[in-house]
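Trainee: sequence first, then the predicted structure:
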Amino acid sequence: DTAVSQTPKYLVTQMGNDKSIKCEQNLGHDTMYWYKQDSKKFLKIMFSYNNKELIINETVPNRFSPKSPDKAHLNLHINSLELGDSAVYFCASSLRDNEQFFGPGTRLTVL
Amino acid sequence: AQSVSQHNHHVILSEAASLELGCNYSYGGTVNLFWYVQYPGQHLQLLLKYFSGDPLVKGIKGFEAEFIKSKFSFNLRKPSVQWSDTAEYFCAVNVRGGGNKLTFGTGTQLKVEL
């Protein structure tokens, strides 16, 4: 009965690699988000999609590319990983402007 | 752009003590306000929210928050904390009609000692 799920939970990779994180929600929400939580626990929004359309795109390197194949999925692809990309990435979803429900997070470590 | 300040970065309390965590935001327009909690190793969970109406909002686990518009504040309170309340607490704001972009405060680490 998981509401917002992410895979993988942990991701350890070398600098320069390309990786993807997947997110799925079964709440019937129409909007999905990606947040980055840094080592000091600060959370910052990266992207938001509404009905597969990109509506929020914060100042994020273009190595990060979100993809939403349908309303229930929002994946995050990262090219040429750098040390500074190490963080916990949270996916979230909501019904329009209502409260957001968060996934369990993906801890990315770039070596 | 809106911003959120949480002045208490680390709080240590004994069980049964009362809790108040400060949250102030800066934005001149209409906002929605949230408190989220992150237990160790877990995802964020919504504690409570304010959209409109009664400025005193009750949430889960005995938490409440009061929206004071004149002070741009949304402080979180609990009359008697428990050891299980040990967690990171985040205040967040979004602007009505602004695409539901949540802006978070820097978080408050609460440790409750037995």
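Mentor: Arrived safely.

Trainee: all contacts plus neighbour counts: C-alpha atoms, from now on.
Mentor: Will do.

Trainee: report the buried residues of stretch A:81-94.
Mentor: Residues A:81-82, A:85-94 are the ones in stretch A:81-94 that count as buried (16 or more other C-alpha atoms under 10 Å in any protein chain shown).

Trainee: now, the most widely separated pair of the residues you listed?
Mentor: Greatest spatial distance in the buried residues of stretch A:81-94: A:Glu82 and A:Ser94, 30.2 Å, computed using C-alpha to C-alpha.

Trainee: find the closest residue to chain A in chain B.
Mentor: Distances between chain B and chain A by C-alpha to the nearest C-alpha are smallest at B:His43, namely 4.5 Å.

Trainee: can you tell me the closest non-neighbouring residue to that residue?
Mentor: Spatial nearest neighbour of B:His43, excluding adjacent residues (C-alpha to C-alpha, 6 or more residues apart in numbering or on different chains): A:Pro104 at 4.5 Å.

Trainee: thought that neighbour was touching A:Ser5?
Mentor: Yes. Between A:Pro104 and A:Ser5 there is a contact at 6.7 Å, judged by C-alpha atoms under 8 Å.

Trainee: which parts of chain B are strands?
Mentor: Applying DSSP state E to chain B gives strands spanning B:3-5, B:10-14, B:19-21, B:24-26, B:31-38, B:44-50, B:56-58, B:64-68, B:73-78, B:87-95, B:103-104, B:108-113.

Trainee: ok now the last one, how far from the chain's centre?
Mentor: Here strand B:108-113 shows a centroid-to-chain-centroid distance of 14 Å under the convention C-alpha atoms, centre = their mean, to the nearest Å.
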